[in-house]
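Colleague: This is a predicted model, with the sequence first.
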Amino acid sequence: MKKILFIIFTLMSASLYAQPTLTSAIVPVIGNTITSIQSDTAFSEGPSGASQTWNFSGFTNTGNYSSVYVNPSTTAYTDSITGSNLAANTPGSTAYFNSTSSILELLGLGTVAYVVIYSDPVTYYTLPFTYNSTVSDNNAGHYVYGAGFYDTRTGTSQTTGDAYGTVTTPIGTFGNVLRVKMVQQTMDVTSFSTSNSTVTSYSWYAPTYNNALAQISYTVGDVGGSPYSVKSVTYGDVTPQAVININNLNHDLFIADLNNNEYTIQLQTHAIIKSVEVIDMQGKVVTRINSNDASVLINLNEYAGGIYFARILDTNNRLYQTKLLR
C-alpha cells in the first residue's frame, strides 16, 4: 500500500545547565532507532572531574550497528522475560528493560544461543543523575541454553557521574556533557566451570540526546580459568536536533492509498530531504536513499513482510522517524 505521509512536527528546545543533569530523556523510547559507530581503539577515556574537555575528533568509522526500540510484546523472548516495557533489538540479540522516569534497569537478554533472566535486575541509572551521583546494585539471575541447561548468574554494578564538560567527536562538539562511569562484575557458575567478567565503561551523555555521544569500554575476565580482555570504542550517530517521532499518526496527516508496499514520504514543511534509511526490526539498515528532493519513494516489495522503520534526515539536519508496514 502506497501512502503519502505529510508529517507535522514540533521541535523541542533544551535548557542549559551549569552542571548537566540526566533525566529519562536520555533513554530511547519505543520507535527510536539508535546507531552507534565503531572506531579503532587507539583512544583513552581521559581525565575525570569538573569542566573537562575531551577531543575525540580523530575517531574513525570502522563499522556501525543499530538498536531498534520496540514493544516487548512484538519480540521473540517476551514469554520468558516478563515485566519489561521496552525492548531493544540489535543484530543477534534482544535486551529487555524496565524504563520509568526514575529508573532504568535490565530485566533480561535473549539470543539464539541462550536467554538470560534476571530475578534481581541490573540497575543502570536512578534518575535524575548528575555529577557525583552514584548508584550501587547487586543483581542475580540465571540463563538457559541448549536442552534446558540452567546456569546461575550473580553480579554487582556501580554507576557514577565522574566528570562533566565538553566532548568533540566526528559528529560535532557538544557542551554540557556528563561522563558516566559504570563498572559491572559478573560471575556465571555451572556444574563444570566458573566464569568471571568485569566491564568498565565510560559513556558521554548530553541531556537532550537519547544516544551516548561516545563510549569507551574495557572487558577483562576468564572462562574456566582462561583469561581474556577486550576494548571497544564507539560514538553516537546524532544530529543537532532530537529525533522527531511520528509513529502516532493523527488527523492532521493526509494519507492517500495508492500502490502496494510503496510509500512516498513528504514533509509538511516541504523541507528538502537529504537521506532516508529503512531499518528492519533487528536494527539492520536494509536500504539507504540519498536525496535532494521534497519527496522520496520507498519500495518495500523486495523485503520480507513485517515492520520497518524509516529514518528521514532533512537538509536542516532535522531527523524524523516513522514506522512502515510491509
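Modeller: Thanks, I have the structure now. No experiment lies behind these values; they were computed from the predicted model shown. Numbering: from 1, shown residues only.
Colleague: Determine the number of other residues adjacent to the closest residue to N98 other than its chain neighbours.
Modeller: Leaving aside its chain neighbours, N98 sits nearest to E105 (5.0 Å; criterion: CB to CB, 6 or more residues apart in numbering). C-beta here means a position set from N, CA and C on the backbone, and glycine is covered the same way. Applying other CB atoms under 10 Å, we find 22 other residues in the vicinity of E105.
Colleague: low pLDDT regions in the stretch 201-326 of the chain?
Modeller: Where the stretch 201-326 of the chain drops to pLDDT under 70, the residues are 239-259, 269, 281-284, 316-319.
Colleague: And the residue nearest to N98, which helix or strand is it part of?
Modeller: Per DSSP states H and E, E105 falls inside strand 103-111.
Colleague: and that strand, what does it pack onto?
Modeller: Contact partners of strand 103-111 among helices and strands, from 3 or more CB pairs under 8 Å, 6 or more residues apart in numbering; DSSP states H and E: strand 93-99, strand 114-126.
Colleague: which of the residues in it are buried?
Modeller: Using 16 or more other CB atoms under 10 Å as the test for burial, strand 103-111 gives 103-110.
Colleague: Stretch 32-50 too?
Modeller: Result for stretch 32-50 [16+ other CB under 10 Å]: buried residues 32-39, 43, 45-46.
Colleague: same check, this time on stretch 52-65
Modeller: Neighbour counts over stretch 52-65 (16+ other CB under 10 Å) mark 52, 54, 56, 59, 65 as buried.
Colleague: of those, closest to L178?
Modeller: Using CB to CB, the shortest approach to L178 within these belongs to Q52, at 10.6 Å.
Colleague: what about that closest one, distance to T90?
Modeller: Q52 is 30 Å from T90, where distance means CB to CB, to the nearest Å.
Colleague: swap in Q184?
Modeller: Going from Q184 to T90 by CB to CB gives 18 Å.
Colleague: Please apply the same query to T219.
Modeller: Distance, T219 to T90, using CB to CB: 17 Å.
Colleague: ok, back up a step: test my guess that the residue nearest to N98 contacts Y96.
Modeller: No. Assessed by CB atoms under 8 Å, E105 is found out of contact with Y96, at 9.9 Å.
Colleague: Between Q184 and T90, point out the one with more neighbours.
Modeller: Neighbours per residue (other CB under 10 Å) separate Q184 from T90, with Q184 holding more: 21 against 16.
Colleague: can you tell me which residues contact that one?
Modeller: 122, 155-157, 197-199, 201 (CB atoms under 8 Å, 6 or more residues apart in numbering).
Colleague: does it sit in a helix or strand, and which one?
Modeller: Using DSSP H and E, Q184 falls in strand 172-189.
Colleague: Past that strand, which element shows up next along the chain?
Modeller: Sequence-wise, the next helix or strand downstream of strand 172-189 (DSSP H and E) is strand 194-205.
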